[in-house]
Structures are given as C-alpha cells and as structure tokens.
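S.K.: please find the sequence and the predicted model below.
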Amino acid sequence: MSHATLEPATRQAPPARRRSRPVPEARSAAEARGSSRWVVLGVLVALGLYAVGPLWWLLVAATKNQRELYTTNGLWFAQFDLWDNLANLFTYQDGIFTRWLWNTVLYSGLGSLGLTLVALAAGYGIAKYRYRGRGLTMGLIIASFLIPGSLMIVPSFVLFVQLGLYDTIWAMILPGMFGSFSVYLAKVYAEGAVPTELMEAARIDGAGEYRMFFSMGLRLLTTAGATIFLLHFVASWNAFMWPLVFLKGVEKWPVMLGLYSWLQRGTDSTVDLTSLVLTGSLVSTIPMVVLMISMQRYWRSGVTLGSLK
Amino acid sequence: MSVRAPESRPLSRPLMSWRTAQSLKGASFTLPFLAGFTLFVIVPVLMGVRESVYTTQSSGLGFGGQTVEFAGLRNFATGLADGAFWTGMFRVLLYAIVVVPLTQALGLGLALVLDAARRRTAARFRIALLLPYMVPGIVAAMIWIYQYSPTVGPITGFFALFGLDVNFFASSMVWVSMGNLAVWSALGFTMLILYGALQSVPHEIFEAARIDGASELRIAWSIKVPFVRGSLVLTSLLSIIGTLQLFDQPVLFRAVTPETITRDFTPAMMIYDQAFQVGNLNYATALSVILAVVVGIASAIIYRFMNKEES
C-alpha cells in the first residue's frame, strides 16, 4: 500500500483545488481538448442522468398520492401530497415505521460505537507494542478477510440460539463489534498517527499505558475512529440478511426489513402499500445520503484504503 | 510498517521486567477484540464445520425426539451432487462473469472521461455519479423494481413508444434487470476508486506523450489504463466475491415475481431456504462450506490470472 493512504489529510485534498490553482496549463494536463471535450461532456451527462434518474423518480413518486402514481408521468410532479404521504407513513399501524427507524438508529449507533472503541484499542495495541502473539493476531485478522459472510450466517444462528441471543437486539449489535477489517484500518492509521516519541515522552512524565491510550491515543486517532464508525454505521443501516435471519419480532426490525415486508405484502394482498414503500424508502435513504456527503473525507479514505489492502 | 523499538537508555536490570509489563499491557489492548472475535467468528466457523458432518432426523411427524447422528462427509456428497445448488451456482457465476467486467469497464471508462473533463465539471459530476452508491442496497433494488414495473415505472412505457413490449420480470429478462441494478449501484464506487488511482499518474507523462504525438485515446489506453490495473484487480475480486454470495437483490425480486425467482435461485438463497424454511441446518452448513470453498477458489483464480497479466 502506498504511504499516502496513511495520511488521510493529504490524500483528501481535492485534486480540483490543488491543480487548478496558479498555472492554466497545469489544469489542462490531463484534459481533453477540442471536439473530444464535447464527447466527454456528453458521456458525463448521459451517465449522470442514468445515475440520478431513478432517484429523481423516487423523489417525485413520494410526493404523489396512490392514484396519481399509476396515472401520471413518473418523472414529473402532479398534485403535491408529500406531507399526507409522510403522515400516512408515520401513523400506519400505530407508527411502526418510527419504531423501525429508531431500531435502525439504535443498532447502527451502539454497534458502531462499540466497534470503534474495540477496533481502535486493538489497532493501537498491534501498531504500537511488540509482544508475543502479535503476528498471530495479525494472521487471524488477515485470514478472516477471506471468510465469506454467507459462511457465517447459519453457524451463527445455531450459536445465538444456544446463547439466548436469537431474536434479541444484541444479535444485531454485538457480532458487528468485532470486525477485523476495522482493526486493520485502525492499525494502519495508528502507525501513522501516533508517534512513538510522544508515547516515550508521556511515559517519562509518568503516564500509564492505559491512561496514555485514553487521553492521548484516542485523540490522535479521531480520524480513524470517525472512518470506522461511519463505514460500520452505513453498513449496518443497510443490513438485510442478518436481521432477516436473527429477528422474528416485527417490533424489533430495522427499517430495511420493514420496507421489505411491505413490498412483499403489497404484492400479494389487496392492500396497496406502494405509496408507503416509496415514501419509506425516501425517508430511510436521506439520512444516508446526507451522512455520506457531509462525511465524504472519512469514508473515502476508508474505502480507498480497503481497496488497496 | 515497523514500529521503532523503544530506544535503549542506560537502565538498570529491574526495568527489563517493567518493559515486559509494558508490552503485556500493550497486548491487553487487543483482548476485547480477540475475545469477541473468538466468540463471534472462530466459534461459529468451528461449529459450522461440526454441524456439517452430522445429520438431524426427527422421528415420525416431527413429534418426539430428534436423533442426531454422525454423517461424515455425507452432507457434502449430497451437496456436491445437488442439482438445484449447482444450477444456482452456475447462474451466479455466469452473472458475475458478465456483470463484474461490465461494471469495471464502464467504471474505468467513466473514470477516464472524468479525468479528461475540466476539474470543476468533474467535481460536480462526481457527486451525481456517486449518489447511487450512497443509496441503501435494499432501497436501490426497490427503486429499480418499481422502474421495471409495468404499472408504476416509466421504462415499460418508454419501450412501448418504440413498439417494444418488454417484461423485465420474465425469466429471460430478469438477469438483465438485476444486472442493470448491480451496474447502477456499483458504477459510481468503481469509478471513484479508479479515478483516485488515475490522480496518482504523474502528469508530466501526458505532456511527454502529447509532444510525441500520441492521441488522447492512445494516452488513455497505453498510459492511464496500465496505471490503474492494480485497482482493477482488487475491485473485480471484491465484486466477484460479493456476487457469488448474491442474496438481497434476488430476494427482493422474489417478492414481486416468485414464479421467476425460485427459492433456490442463488446458492445463498438456497442456504437460507434449507436452514430456515426447510429446517435442515446440517445440510445448510455443508452448503455454506462448499460455497465458501468456491468463493475461495474463484478469488484465487482471478487473482492469479490478473496478476500474471500484469507481469
């Protein structure tokens, strides 16, 4: 892996600003010229429409009432009924959707918080200390990258039934807290962000190893922590198979599973839940889009690091 | 990578044990992780292996006790000869072989185009192109299911303008429908990774190539593409691993078109069905192990193949 990835601050600097600064020809170093510029723009517009089109449709559809969904042009607004749709969504079946949203926030929030602490501690330990068994730990972490998720689901089910975790919220929160990829991420960050000299200095000043981690290490690893938190938060917000297997009770479901159950019911019964599914999809997507856009610099560093591992 | 060993200062003997204590404390930072990892990863893997070599038979009509007996490799033998399982496996393999290179090629093309655009234009389009990546996978599947729907979606109507009657849920079309969904979801992400890799190409090379009279296409193909090959290998590998375990999308499609998407449509769906619908946990684990092995072999082959090409 290149060393640049270890310093998120430098790699995040948008190339746009860096290159477009003073000299005009520096900006155009890789730029297409003449007629090919229009080809470039054309391709971008076409694929941009492909990417955004369906989302635009969702946004428009969420503002329509049930009847207009079927009768009006899907790509433009009809009567604006978004508030009614939202009211229907949040009151349907005594506000079960609110419950699902809250569950999702709870599972994703607690799980990510736990994972972040566990992973930062482990990554810090592996990066900054030499001890017997360190190599073995790293070996386990790397080896576990190769275990496909679908291998884990059935045996975990057997285990969770035995432990009494089946159909409890802990089945959603606990297993995610020990992700080996996050530890790997934390280790790589800790190697770059926590200077050994600083630790030595703190030791001379009489700080204990644990105190050092909590008052110094954690602070230096804020970027790593935010990245790990964000990546897991998004992943567990979007989780589907795991809650499908481990949660029986409707009131414990996260929002994705709830929407799926509506989609399923909407097609095989007389009730048409299409409008609810669409509004629900929009409501559950917006937090993710806002989060991802506002925290771009974190997840992008994590994602690029992941692809380079 | 390496951590500098603490500099040795003139210290007396007892401090050596202080160093040992220090490294023990250091090791203890990994204890919470190792404990959880053991419980939630290692134990399930071992239990899976154990599950897979037993069979559970319920006597009579499911009343009374169940008998568990050692089956050896019988579950695996059944799995290896299970037509439905391998049909699903080849389905997913074929799908992966088409969709993953397609996504990579489109993502690469898009990254090259973005790289050739004005910086400010590129920055604007990049966000738009990344939007699908930020949409939860389940929501993405739902959006497209509705796009394909002949009653609410606009696409069927669009094709009807040309006199084409397309049923996106017919068994011949459903792969195209799901492939499009996969490309839509993954395109932005692939583009991001490759675009990132392209930014690290030293720009003097382009000037040099232009002076030598190389065309833009030639520069893209002979300079930029070889530069991002490493990223291509990795993103392909990750997508193939993901695609072989395809579950969420077909399950959602099954909600609207159960005739086309059977319950054992993909290996992961069959495992789910065996474990939680049929209730044959032993067989389901054996199938999971087989799937894991296939995923492992597939990754090894791709890795070898693509790395060899590089050297």
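M.R.: Here it is on my side, so go on.

S.K.: where does chain A dip in pLDDT?
M.R.: For chain A, applying pLDDT under 70 flags the ranges A:1-35, A:267-271, A:302-309.

S.K.: need the residue closest to the centroid of it.
M.R.: Of all residues in chain A, the one closest to the mean position by CA atoms, centre = their mean is A:Val234, 2.1 Å from it.

S.K.: and it, what does it touch?
M.R.: Neighbouring residues of A:Val234 by CB atoms under 8 Å, 6 or more residues apart in numbering or on different chains: A:288, A:291-292, A:299. The C-beta positions use only the backbone N, C-alpha and C, and glycine is treated the same way.

S.K.: from B:Leu244, how far off is B:Leu94?
M.R.: Distance from B:Leu94 to B:Leu244, counting by CB to CB, to the nearest Å: 11 Å.

S.K.: in terms of neighbours, single out the busier of these two.
M.R.: Relative neighbour count places B:Leu244 above the other of B:Leu94 and B:Leu244, with 23 against 11, counting by other CB atoms under 10 Å in any protein chain shown.

S.K.: the more buried one contacts B:Pro267, doesn't it?
M.R.: Yes - the criterion here is CB atoms under 8 Å, and B:Leu244 meets it with B:Pro267 at 7.3 Å.

S.K.: now for these two: what residues contact both?
M.R.: With contacts defined as CB under 8 Å, 6+ apart, the residues shared by B:Leu244 and B:Pro267 are B:89, B:92, B:291, B:294.

S.K.: any chance of the residues you listed in JSON lines, with neighbour count and distance to A:Glu68 too?
M.R.: JSON lines is the format used below for those (neighbours: other CB atoms under 10 Å in any protein chain shown; distance: CB to CB, whole Å):
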{"residue": "B:Met89", "neighbour count": "19", "distance to A:Glu68": "44"}
{"residue": "B:Val92", "neighbour count": "23", "distance to A:Glu68": "39"}
{"residue": "B:Leu291", "neighbour count": "25", "distance to A:Glu68": "45"}
{"residue": "B:Val294", "neighbour count": "17", "distance to A:Glu68": "47"}
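
S.K.: got CSV for the residues you listed, with distance to A:Trp102, pLDDT and secondary structure too?
M.R.: Listed next are the shared contacts of B:Leu244 and B:Pro267 as CSV, based on distance: CB to CB, whole Å; pLDDT from 0 to 100; DSSP: H, G, I helix; E, B strand; the rest coil:
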residue, distance to A:Trp102, pLDDT, secondary structure
B:Met89, 39, 92, helix
B:Val92, 36, 92, helix
B:Leu291, 35, 92, helix
B:Val294, 39, 90, helix
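
S.K.: the helix or strand A:Val283 falls within and chain B, are they touching?
M.R.: Of the helices and strands defined by DSSP states H and E, A:Val283 is found in helix A:274-294. Yes - using CB under 8 Å from any CB of the partner chain, helix A:274-294 reaches chain B at A:274, A:277-278, A:281, A:284-285, A:288-289, A:292-293.

S.K.: pull out the buried residues from that helix.
M.R.: A:274-285, A:287-289, A:291-292 (16 or more other CB atoms under 10 Å in any protein chain shown).

S.K.: next SSE after the top helix by length along chain A?
M.R.: Using DSSP state H to define each element, chain A has its longest helix at helix A:96-128. Elements were assigned by DSSP H and E; along the chain past helix A:96-128, the next helix or strand is helix A:134-144.

S.K.: contacts for the following helix or strand past that next one, please.
M.R.: Once the chain leaves helix A:134-144, the next helix or strand it forms, by DSSP H and E, is helix A:149-163. Here helix A:149-163 makes contact (CB under 8 Å, 6+ apart) with A:166, A:171, A:175, A:241-242, A:245-246, B:40-41, B:43-45, B:47-48, B:51, B:245, B:247, B:267-268, B:271-272, B:275-276, B:281, B:284-285, B:288-289, B:291-292.

S.K.: now with 7 Å, please.
M.R.: For helix A:149-163, the surrounding residues in contact (CB atoms under 7 Å, 6 or more residues apart in numbering or on different chains) are A:166, A:171, A:175, A:241, A:245-246, B:43-45, B:47-48, B:51, B:245, B:268, B:271, B:275, B:281, B:284-285, B:288-289, B:291-292.

S.K.: and what of stretch A:96-107?
M.R.: Stretch A:96-107 is contacted from outside by A:89-90, A:169, A:172-173, A:236-237, A:250-255, A:258, A:280, A:284, using CB under 7 Å, 6+ apart.

S.K.: residues from the stretch 201-311 of chain B in reach of chain A?
M.R.: B:203, B:206-207, B:216, B:231, B:234-235, B:241, B:245, B:247-248, B:252, B:255-256, B:268, B:271, B:275-276, B:281, B:284-285, B:288-289, B:291-292, B:295-296 (CB under 7 Å from any CB of the partner chain).

S.K.: repeat that for 8 Å
M.R.: By CB under 8 Å from any CB, the part of the stretch 201-311 of chain B that sits against chain A consists of B:201, B:203, B:206-207, B:216, B:231, B:234-235, B:238, B:241, B:244-245, B:247-248, B:251-252, B:255-256, B:267-268, B:271-272, B:275-276, B:281, B:284-285, B:288-289, B:291-292, B:295-296, B:299.

S.K.: whichever of those end up buried, select them in PyMOL.
M.R.: A single PyMOL command selects the buried members of these (16+ other CB under 10 Å):
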select buried, chain B and resi 201+206+216+231+234+235+238+241+244+245+247+248+251+252+255+256+267+268+271+272+275+276+281+284+285+288+289+291+292+295+299
